[in-house]
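Undergrad: need coordinates for the following:
(chains A, B, C, D, E and F)
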Protein chains: 6
Amino acid sequence: MKVAAFGEVMLRLTPPEFLLLEQTRSLRMEYTGTGVNIMSNLAHFGIESYLVTTLPDNRIGGAARANLRQLGIQDTFIQQKHQHLGTYFAEMGYGVRPTQVTYQNRHSSSFGVSDETEYEFTKLLETVDLVHICGISLSLTDETRKAAQSLAKQASEMGKKVCFDFNFRPSLNTEENKVQLMKAQYEEILPFCDIVFGSKRDLTDLLKLSLNKELTEQEQERELIQRFINKYDIQWFAGTRRSQADSVKEIVGILHTKDQVVESQPRVISILDRIGTGDAYAAGLLLGYCEKWPLKDTVEFATVNAAVSHTIQGDVPLTTKDQIQQIMNDPSIDLIR
Amino acid sequence: MKVAAFGEVMLRLTPPEFLLLEQTRSLRMEYTGTGVNIMSNLAHFGIESYLVTTLPDNRIGGAARANLRQLGIQDTFIQQKHQHLGTYFAEMGYGVRPTQVTYQNRHSSSFGVSDETEYEFTKLLETVDLVHICGISLSLTDETRKAAQSLAKQASEMGKKVCFDFNFRPSLNTEENKVQLMKAQYEEILPFCDIVFGSKRDLTDLLKLSLNKELTEQEQERELIQRFINKYDIQWFAGTRRSQADSVKEIVGILHTKDQVVESQPRVISILDRIGTGDAYAAGLLLGYCEKWPLKDTVEFATVNAAVSHTIQGDVPLTTKDQIQQIMNDPSIDLIR
Amino acid sequence: MKVAAFGEVMLRLTPPEFLLLEQTRSLRMEYTGTGVNIMSNLAHFGIESYLVTTLPDNRIGGAARANLRQLGIQDTFIQQKHQHLGTYFAEMGYGVRPTQVTYQNRHSSSFGVSDETEYEFTKLLETVDLVHICGISLSLTDETRKAAQSLAKQASEMGKKVCFDFNFRPSLNTEENKVQLMKAQYEEILPFCDIVFGSKRDLTDLLKLSLNKELTEQEQERELIQRFINKYDIQWFAGTRRSQADSVKEIVGILHTKDQVVESQPRVISILDRIGTGDAYAAGLLLGYCEKWPLKDTVEFATVNAAVSHTIQGDVPLTTKDQIQQIMNDPSIDLIR
Amino acid sequence: MKVAAFGEVMLRLTPPEFLLLEQTRSLRMEYTGTGVNIMSNLAHFGIESYLVTTLPDNRIGGAARANLRQLGIQDTFIQQKHQHLGTYFAEMGYGVRPTQVTYQNRHSSSFGVSDETEYEFTKLLETVDLVHICGISLSLTDETRKAAQSLAKQASEMGKKVCFDFNFRPSLNTEENKVQLMKAQYEEILPFCDIVFGSKRDLTDLLKLSLNKELTEQEQERELIQRFINKYDIQWFAGTRRSQADSVKEIVGILHTKDQVVESQPRVISILDRIGTGDAYAAGLLLGYCEKWPLKDTVEFATVNAAVSHTIQGDVPLTTKDQIQQIMNDPSIDLIR
Amino acid sequence: MKVAAFGEVMLRLTPPEFLLLEQTRSLRMEYTGTGVNIMSNLAHFGIESYLVTTLPDNRIGGAARANLRQLGIQDTFIQQKHQHLGTYFAEMGYGVRPTQVTYQNRHSSSFGVSDETEYEFTKLLETVDLVHICGISLSLTDETRKAAQSLAKQASEMGKKVCFDFNFRPSLNTEENKVQLMKAQYEEILPFCDIVFGSKRDLTDLLKLSLNKELTEQEQERELIQRFINKYDIQWFAGTRRSQADSVKEIVGILHTKDQVVESQPRVISILDRIGTGDAYAAGLLLGYCEKWPLKDTVEFATVNAAVSHTIQGDVPLTTKDQIQQIMNDPSIDLIR
Amino acid sequence: MKVAAFGEVMLRLTPPEFLLLEQTRSLRMEYTGTGVNIMSNLAHFGIESYLVTTLPDNRIGGAARANLRQLGIQDTFIQQKHQHLGTYFAEMGYGVRPTQVTYQNRHSSSFGVSDETEYEFTKLLETVDLVHICGISLSLTDETRKAAQSLAKQASEMGKKVCFDFNFRPSLNTEENKVQLMKAQYEEILPFCDIVFGSKRDLTDLLKLSLNKELTEQEQERELIQRFINKYDIQWFAGTRRSQADSVKEIVGILHTKDQVVESQPRVISILDRIGTGDAYAAGLLLGYCEKWPLKDTVEFATVNAAVSHTIQGDVPLTTKDQIQQIMNDPSIDLIR
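TA: Numbers count the residues shown, from 1 in each chain, chains lettered A, B, ... in the order given. Below is the predicted model of the structure:
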């Protein structure tokens, strides 16, 4: 199976050694984005992976593209047009101090101003079997909204699998009419989707689906998701749950299908870099999907992959299949030679 | 309210990535000191803050002064004279390995050799409402001793608030006559003070106040501090208490007034940089003092500020009011975007 | 004399050690801009200097502002609004390989979207004696155009000196209607100006002033500039001329007044960082202007200042008066201790 | 007592800040090896320490040798011949992600191709009282095998103490005939040895000693080791045991003599750098041996030394006697000034 | 036209800022080799470029491969086998101090131990139109010798162009029988070659061709090369000549065909990094060859490309067509924005 | 011949990449001093070399000592006492911008406060054949003055060679009584000296020797030096002369004996790091002295050594005999592999 992601590439700028922006004159640079993260991880897992995006037609665009190739991503469907690259600063958190992200220049980025007429979606869909679309495209600009909807529709028509990630941030969408717009956008794309990453809150807060208050909390969530799955004829609906007891943090992976709910063991997490975990979970699940693993194996693998991604600097999970399987087999080993 | 601190500026040199001095050819540079730390933090909280000090009249003095401005400190009352800057190396600890500080050149520093006749204290006290004095000035040199006493006395006479920090290190004052000298110095300055940072040990070991052994340990401490407060007519006496159970470390903030004792919730701490926590606690308390917050709110805020300062590289707490309040409101959030 | 500059602050990101963007994972960060460069240099010369600009109301804006204070600039008239900071990458050239600048995000920057109603120009002009305006504001956005014109006009009305820098880049203004717009903008602002930095080419290519072809080339230039000075009642018109023979590069500073033309000695230049030289020349001239130095001294100082700025990393000339005078007095000294 | 170690020097190359090889363009360099680690630590403890090895006769060999002197090791018996230095990359682990070591170029290294005829063992043994030999020499090449055996035999004949470290890695010796070869080599060297570092598994898996299954597990181990000690007339047999409960990891040091078994308190460990702990334990024990400390004190010291070595970057434990004793006395102190 | 190179990939480790190995704890890493350099440069020029090589089947091999993709090289014909990567340290020279290279581990590298049976040459030659072979393969190991000869022969038989680079280092081949072996190897491969990079000295010292001493020195060289070209039916024979007058260094490019000799203008060079210039010249010539440019244009372009490559850190010339043409058009421009 | 130097060790802190102190948060650290520089260079030349000095008895002293061993210096006669290390910041110059040195903490350094009673000079002089003393010891403190005089006298009495370096800085000795003190000190030590490094200016300005104005300028200098040599019975008097024409700088080495004056060829210099050149010249001369080379060879070698030292970062010349001889033989080679 060959896969592609449609999405934004961002330049991430990180002060070294947990320093704040005020404290440093030096930044580590990296190219990220949901599509970048998932495609790179799948490429590291041995899956042929493409990114469909627009990078600036200048030296930073060229540097970004070179870096995507280094990450293992095929650059065949990357175009270079316009002048700007979305950027964010990540001041790395430590202990009680949260990681702080400051975005720059996303709406006027080359990706943000490119619409569906600028991409070769047909040629892309003739090449790959599955396409991943991130919900961020629905909230970014009119151009990216149209491009995402168009790609999902066309993929569906051509019999390709569509994987969609809610990635909805209520805090960024507080105005009522913006929420309405978003709801409509999500409702428009969901009928084309086969695999969806999201949470209970996405269904209630964004899609305004109701909860059956007569059930237990856990039953409420399952019934809600079952209703959602049936409504949009979704094959897989997946997400993670985090918990914290004392100073120990844990993550659990969950996968809902029409027939069953599969949960992973809880996995203890130690956090070096907080960003990109959700994408690591998605990449793990997609690997199982592409290679038709049993559901239980898939969820366990994806959850460990998410846990390990916390221990890797940067957004991009650079894990390999062997590495994850070895950690699953013997988590106490802390030195390999 | 406008505030000022009188104190030493030091150059801190830190090997990167927890390396030892033997292991590195590179040092991170930073300008610190109790006054620097507290004034910079208050400036980040929105309080107009001044430092009164002497920096060398050369390029390193100029670089230090530029850095203090960057930290938000007003440099109006900073003079540049003489040639030396006190310096310390901080080899950062990890786990059981303690952070190791090695001092250089403090007695002959520009600050160390400048006496009260070289400063414009009157002009300063016409500008600010509160002045912070660190006990280190009392133990450094004759010049700094005289300057600190003179400033405290004059501030008191002009009706300004005086905040004093014991900062007494028994290990640095082991000779008997040195201890006698220190005791006399502290007894001389305390009558001018309104807010005092210190601990039970400062009162017993340095000031030789006795404990009432018939009380419980906790009662002993409270009675002792009450006696001290009354003796010197102190408005606030404040400090912190640390505890460790298993591998979890906690900090509690405490504030004594003539009427009551206020304690914060215990706060779990994770340590990235051990130095400067006391100053962060002091800055938090002074913010509440300046803005006349309720005592309980003040102590809770100051304690969280101290906890967060452990997670920031360097001595200088660069926290903001919003940041601390957000961590108080929802300590489980580890990523803000 | 107190001075202010109105202009953009940019984040400059530079790969270390002459590396290309493709070759590095690390960038050096710095805050620059014509106004930043000139005000910082004047502050290092001992002149009280302000910047009037808009920085983002987020952490990168805060870090930029802190850095401007470090550079010696007063931040009283800096506001923090909107979300973006203009940015550029500078891939440092070496030998025949030119330095390559790639701009990002200038039009939608906080400065670019702020118009004259958002600034407190009156309060500013009550504080300072001279205001510097960069031609870039005229070509950036409608908002910056209006703000610049408004400030020049108001300054002139309040009897303050206006210093203006053409800074016109034909390569960025190739469309005919854009050139017409620019010409009109420049013609609108020039009547308010006292000191102008520019070149013969600015007068011919942008303002469309004609050359008297019957004169020698040098006479043509002088007559042209004289005509320009008289037309707009300019006090000083200044610029530099570069030449290269074999591998030796030289710079000459020139200053035209209504009465005379003053030229500096030619100064050999060695280039470490190519950017910011023009601003160093401007800062040197403005120092002489503020302190009423003889014209010849002023031009010599400014030219050496420009030459030295080539040897300092980054755009911002951090030279001091003593340093430049010492190099003028004994240029063979290569070690000071 | 003067000591020497015979062994390989390796160049360790470590990406900074827990980055992976794919993520960095920069490596930290360090010179390590079992002999380097133990001799350097003993030198830091005040023992005169020599390394006997072969470094390349080129610039990297010279740089390595200079570094060994910096570590406190006498370079009198280091020769420079041939051209290659064994190298390894260490991608530092974090949390569940193990540290990953990738070796390069060990068999053809200058050490690997040098045999016993190239060393001045007699002169060495006239200088020192104890010589440490690492089991790695037995598995590396024919040349190192012969050299190690020859040195052990000659030391024994000259009445010098021989300390031997099993350092056997089953994963590197999976072929049957390789295991047979190894068994024979170990059996050949053991009769010359006085102090041996190893584990139960070395005795069962490599030497094929049987367990008395009728005993409890703990008794089995003790009986096995006693049998081994008696068979080869070993003075000390020592090792460590690790355990993990929840997220707390502990280490215990153990020392078997003919008369008794001494165990240390368990010590909590926090891991910054996983490599070199065994060597720190060995160095601690050898210090006690050289200075004839009581066994209990020796084992406690060595175990804390091992725990502290986890908190120091790199393989080489740079601890001092004072530092370890202070941590033993007051492990709660996290800041020394 | 599509091209490929057969050759070694090396890890280059460079101390920063012109430091010596003794002076640094940090190294910059880069992947290089004649094939890497030329293919990467051609890819930057827009030519589809492949490398045929063997990288280690471990993490450093994976990191190297990722980096080659970043450089624009197709990794389709790269295999990962065995365990070692050839490495070299480059201590960067400055002024009179030459750059010093120290090689490590070339003979036992994955490339060095792989022979022709391990590569898919037929599949490769069905894909590309021209293959570049470096003379280093002829001197490295028996395996690389056989592989290079086999590839050249097969390419010739399949009607593909063969480009060969002498790259003969007399200093590495001082033994008589080694020189004989080399001569035979070069004589064996030359009949298959169309484009050859070399110098007069290669023809006289290695191939033992005689000079006609009756001619002028320049005529001698031309007659010699003409004889060589005719003997082996070479299409292009090319090289560069360096000269130094005072402190100005120049480079001239030369191309001999059966009909004519084309020389470029001399180009002044400033050296940042001395290594890789020859490969930049070769890449420039091959671009002209692939795109059938006039010979004069080709040689001028290649020579400027070589001059610019001196100003780029590392071996790999990362120049683009536009960049070189712009420097040819206006070499005085030192800042592009 | 074995040699020793008596002198100060300083910590040199250098901003990277020619940055100013204001522009950096990172410093490169290095340990230097005239004695360090010369002894390290001689050790690199193969001479057994000792330093006699006092380092602080703390962690920075330990790190300094480790570094001296790395440089090849024997640490047998280094003591660790007191608490401070002299320090200087070196802001590296470029082109017309001079390198700027800012000293810190020299008078109160461990070296500065240690007098002759604290050193084991007799034991030292029983070990070595020549001792180098730097004039800086005469101007630093009373303690260092006495120690230097005592060492020179005792060496002379024990028949050891004394090498003395004027190193007199008029700018640091502007007060009349200080100049008188210095003159007396120099006159006291010179009778014990065999080899002296200095210049004409040292003899006229410090020692107040007169010039014979009837001679040509060159003759004046020679006659003056001859008179000086005879007066104090000096064996060698040596120094360098620098010249600059256009942008080319040159250095010439000169050696005066009782019989002759030897001058080297002029050598072009390119400057990477300006500091330590004089020490490199001294080390080169001392090598010839120790190994009894012909005078002409000695002066040529020393001059090239000085020229090369300009191209090495830091004060310490790390050149080797082979390296200098190769540059003398073929200065056009810019790449060695």
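Undergrad: residue contacts, A:Ile133?
TA: Applying CB atoms under 8 Å, 6 or more residues apart in numbering or on different chains to A:Ile133 gives the contacts A:5-7, A:148, A:151-152, A:162-165, A:189. C-beta here means a position set from N, CA and C on the backbone, and glycine is covered the same way.
Undergrad: next one: A:Lys200
TA: A:221, A:224-225.
Undergrad: ok, the contacts of A:Ile133 vs C:Ile312, which is closest?
TA: Nearest to C:Ile312, judged by CB to CB, of the contacts of A:Ile133 is A:Gly7 at 41.3 Å.
Undergrad: pull the number of nearby residues for that closest one.
TA: Per other CB atoms under 10 Å in any protein chain shown, the neighbour tally for A:Gly7 reads 28.
Undergrad: ok, A:Ser210 next?
TA: Neighbourhood size, A:Ser210 [other CB under 10 Å]: 10.
Undergrad: rewinding a little: among the contacts of A:Ile133, which are in strands?
TA: Counting by DSSP state E, the contacts of A:Ile133 place A:5-6, A:162-165 in strands.
Undergrad: ramachandran angles for the residue of the stretch 151-300 of chain A found nearest chain B?
TA: Closest residue of the stretch 151-300 of chain A to chain B, CB to the nearest CB: A:Arg274 (4.8 Å). Backbone geometry at A:Arg274, expressed as degrees, to the nearest 10, gives phi -80, psi -20.
Undergrad: can I get the contacts of A:Lys200 in CSV including distance to E:Leu335?
TA: Listed next are the contacts of A:Lys200 as CSV, based on distance: CB to CB, whole Å:
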residue, distance to E:Leu335
A:Glu221, 60
A:Leu224, 60
A:Ile225, 58
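Undergrad: what about those, which one has the most neighbours?
TA: Most neighbours among the contacts of A:Lys200, by other CB under 10 Å: A:Ile225, with 23 neighbours.
Undergrad: for A:Val262, see how far away that one is.
TA: 13 Å (CB to CB, to the nearest Å).
Undergrad: A:Leu13 too?
TA: 38 Å.
Undergrad: who has more neighbours, these two?
TA: Using other CB under 10 Å, the more surrounded residue of A:Leu13 and A:Val262 is A:Leu13, with 23 against 18.
Undergrad: what residues does the stretch 1-150 of chain A put near chain E?
TA: A:66-67, A:69-72 (CB under 8 Å from any CB of the partner chain).
Undergrad: and these, which are buried?
TA: Listed as buried from those are A:66-67, A:69-72; burial here means 16 or more other CB atoms under 10 Å in any protein chain shown.
Undergrad: and the closest residue to chain E within chain A, what is it in contact with?
TA: Nearest residue of chain A to chain E, counting by CB to the nearest CB: A:Gln70, 3.6 Å away. Applying CB under 8 Å, 6+ apart to A:Gln70 gives the contacts D:22, E:66-67, E:69-70.
Undergrad: how about a cut-off of 7 Å?
TA: Contacts for A:Gln70 (CB atoms under 7 Å, 6 or more residues apart in numbering or on different chains) come out as E:66-67, E:69-70.
Undergrad: now go through the residues you listed and say which are in helices.
TA: E:66-67, E:69-70 (DSSP state H).
Undergrad: distance to E:Ser332 and pLDDT for the contacts of A:Gln70 - can I get that in CSV?
TA: Shown next, in CSV, are these (distance: CB to CB, whole Å; pLDDT from 0 to 100):
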residue, distance to E:Ser332, pLDDT
E:Ala66, 39, 98
E:Asn67, 35, 98
E:Arg69, 36, 98
E:Gln70, 33, 98
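Undergrad: now distance to F:Gly239 too, for those residues, in a markdown table please.
TA: As requested, the contacts of A:Gln70 are exported to a markdown table (distance: CB to CB, whole Å):
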| residue | distance to F:Gly239 |
| --- | --- |
| E:Ala66 | 56 |
| E:Asn67 | 51 |
| E:Arg69 | 57 |
| E:Gln70 | 53 |
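Undergrad: closest one to chain F out of these, please.
TA: Once CB to the nearest CB is applied, the member of the contacts of A:Gln70 that ends up nearest chain F is E:Asn67, at 22.0 Å.
Undergrad: for the stretch 201-337 of chain A, just list every one of the strands.
TA: In the stretch 201-337 of chain A, the segments counted as strands under DSSP state E, counting those that start in this stretch are A:236-245, A:248-256, A:261-263, A:267-269, A:335-336.
Undergrad: can I get the ones you listed in CSV including distance to chain F and mean pLDDT?
TA: Below are these laid out as CSV (distance: least, CB to the nearest CB, whole Å; pLDDT from 0 to 100):
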stretch, distance to chain F, mean pLDDT
strand A:236-245, 34, 92
strand A:248-256, 32, 95
strand A:261-263, 47, 97
strand A:267-269, 32, 93
strand A:335-336, 28, 94
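Undergrad: as JSON lines, the ones you listed with distance to chain E would be great.
TA: Shown next, in JSON lines, are these (distance: least, CB to the nearest CB, whole Å):
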{"stretch": "strand A:236-245", "distance to chain E": "28"}
{"stretch": "strand A:248-256", "distance to chain E": "26"}
{"stretch": "strand A:261-263", "distance to chain E": "32"}
{"stretch": "strand A:267-269", "distance to chain E": "24"}
{"stretch": "strand A:335-336", "distance to chain E": "10"}
